[in-house]
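Engineer: Fold the following and give me the result.
(chains A, B, C and D)
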Protein chains: 4
Amino acid sequence: MTTLGATLVSVEPGLVEIALRPAPAVSQQHGFVHAGAISAIADSAAGYAALSLMPAGTGVLTTEFKINLLAPGAGELIVARGRVVKSGRTLTLAQSEVFAQRDGQEKLIALLTATLMTIQGRDGVSD
Amino acid sequence: MTTLGATLVSVEPGLVEIALRPAPAVSQQHGFVHAGAISAIADSAAGYAALSLMPAGTGVLTTEFKINLLAPGAGELIVARGRVVKSGRTLTLAQSEVFAQRDGQEKLIALLTATLMTIQGRDGVSD
Amino acid sequence: MTTLGATLVSVEPGLVEIALRPAPAVSQQHGFVHAGAISAIADSAAGYAALSLMPAGTGVLTTEFKINLLAPGAGELIVARGRVVKSGRTLTLAQSEVFAQRDGQEKLIALLTATLMTIQGRDGVSD
Amino acid sequence: MTTLGATLVSVEPGLVEIALRPAPAVSQQHGFVHAGAISAIADSAAGYAALSLMPAGTGVLTTEFKINLLAPGAGELIVARGRVVKSGRTLTLAQSEVFAQRDGQEKLIALLTATLMTIQGRDGVSD
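Structural biologist: All right, here's what the predicted structure looks like:
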């Protein structure tokens, strides 16, 4: 996240917001924020939302996600809001909506759905 | 890509390879390459594969992708190989397989499927 | 839909509900409603939700969808609720939540995200 | 599968082919095979491919899938070919390509990626 210049805005149980200020390092050839950067903050917001409902000492790994990129990532600030759809002992389903803020208005630019796997210690991350 | 430390290894018509050398900046809390970085190189390999079949002056935008993360991104080098599944005037479907290389062996760690939209000039990227 | 034994429960602008009463014909080897049948009603609910916002004479085709199956399709009634996330001239993004009803309670069993393409007359469906 | 009029054409370890002869019961309003029916045979081909690599007495459930529908399902025969991408003890990743056959030619009309969960007895399918 630091690499991208993203910041954690807020964390509530099952709800997390991450913001990214567009900069050349995360932009693609047309001047928009790169799909990879949008996916990264959306995935992180979903992952932290899942983590926020887990006991201390637990970790999460993304096992799969799908993202629809609805409009170019252009604006003063890109905000990803993750929420848990269904939490389980092993697998949690979460979604993130990503908005571009410009001139005081928000526009939905992406929707991500992710499956997160709970890991305890290093269990579950070995092959 | 520069932000991530990724390099374009090879480009053939419909086939592109991108490599990423794991570093702290692209790793997550367990020391593996972050899902966001793996997605970014996989998406880029798919996008460049699509672009490699298009006329000069054309661009591509990812409209949606899905990625399955099969194993942690641990190894000396992470390699994404993108290929075009079906190319069309407006939409192209492409896939990327991502491998982790370690001790001279390759292991499949992720599979991405992406829809890319052709853009000419700035057409198609306006709302 | 008739083949599956599904019925259209309600249609409001951007919101559609479809119900399926479990029967042997749509069940798989473990007695649960088949993933294919759950996907079909979820996709249809998303498609009709998209269609409900379009002018008369317009049709829709699903261009891609993703579904997460969260729990087995077991219950007295399976209900899919589709809603439009973002509608556009050419492409609409919609989601469906699928619930199993049993003993007066509802449980989320699936989440689908679909991209629908607007078609007018036979335009857009030719290759 | 019987409901749809689909037949299992061939089963090899990790490779399964299912065919569907288009009929009014599985067609949508424009005369093409319904996306739900295409998804169902694609998902089944992926599921049986996964099952073909497992010990006797084991079952599979689809936990998530993604399908891209590339062209309308029009032709004399619709054929889904499933293959295992990566098999694991608990989770298997499989893909299906779906082709429409017409006048002796095949055309790719859909690509599905599915995650299948191994179940033994009734374990894993309870909540």
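
Engineer: My read is that A:K86 contacts C:L70, right?
Structural biologist: Yes - assessed by CB atoms under 8 Å, A:K86 is found in contact with C:L70 at 5.4 Å. Heads up, the C-betas are built off the backbone N, CA and C, glycines and all.

Engineer: shared neighbours of these two, anything?
Structural biologist: A:L93, C:L108 (CB atoms under 8 Å, 6 or more residues apart in numbering or on different chains).

Engineer: Look at those two and report which has more neighbours.
Structural biologist: Between A:K86 and C:L70, counted using other CB atoms under 10 Å in any protein chain shown, the more crowded position is C:L70 (21 against 15).

Engineer: How is the residue positioned nearest the centre of chain A assigned, secondary-structure-wise?
Structural biologist: In chain A, the C-alpha nearest the mean C-alpha coordinate belongs to A:A42, at 2.3 Å (CA atoms, centre = their mean). Classification of A:A42 using DSSP: H, G, I helix; E, B strand; the rest coil returns helix.

Engineer: what's the spacing between it and chain D?
Structural biologist: Counting by CB to the nearest CB, to the nearest Å, the separation of A:A42 from chain D is 16 Å.

Engineer: Distance of that residue relative to C:E97?
Structural biologist: 20 Å (CB to CB, to the nearest Å).

Engineer: Next to chain D in this structure, residues from chain A, please.
Structural biologist: Chain A comes close to chain D at residues A:T63, A:E64, A:K66, A:L91, A:T115, as judged by CB under 8 Å from any CB of the partner chain.

Engineer: nearest to chain C, of the residues you listed?
Structural biologist: Nearest to chain C, judged by CB to the nearest CB, of the residues of chain A next to chain D is A:K66 at 4.3 Å.

Engineer: Please read off the pLDDT at that closest one from the model.
Structural biologist: A:K66 carries a pLDDT value of 98.

Engineer: Report the next helix or strand after the host helix or strand of it in sequence order.
Structural biologist: In this structure, A:K66 sits in strand A:58-69 according to DSSP states H and E. Under the assignment DSSP H and E, the closest C-terminal helix or strand after strand A:58-69 is strand A:77-86.

Engineer: so does the following helix or strand past that following strand get close to chain B?
Structural biologist: Of the helices and strands lying after strand A:77-86 in sequence (DSSP H and E), the nearest is strand A:91-102. No - Strand A:91-102 lies apart from chain B when judged by CB under 8 Å from any CB; the minimum separation is 10.8 Å.

Engineer: quick one: strands adjacent to strand A:91-102?
Structural biologist: Strand A:91-102 has the following sheet partners, assigned by DSSP bridges: strand A:77-86 (antiparallel), strand A:105-120 (antiparallel).

Engineer: mean confidence for stretch A:88-103?
Structural biologist: Per-residue scores along stretch A:88-103 average to 95.

Engineer: pLDDT weak spots in chain A?
Structural biologist: A:1-3, A:26, A:28-30, A:121-127 (pLDDT under 70).

Engineer: I'd like to know how many residues surround the spatially closest residue to A:A114 that is not a sequence neighbour.
Structural biologist: Spatial nearest neighbour of A:A114, excluding adjacent residues (CB to CB, 6 or more residues apart in numbering or on different chains): A:F65 at 3.8 Å. Here the count is done by other CB under 10 Å, and A:F65 has 27 residues near it.

Engineer: which SS state does A:A45 fall under?
Structural biologist: Following three-state DSSP, A:A45 is assigned to helix.
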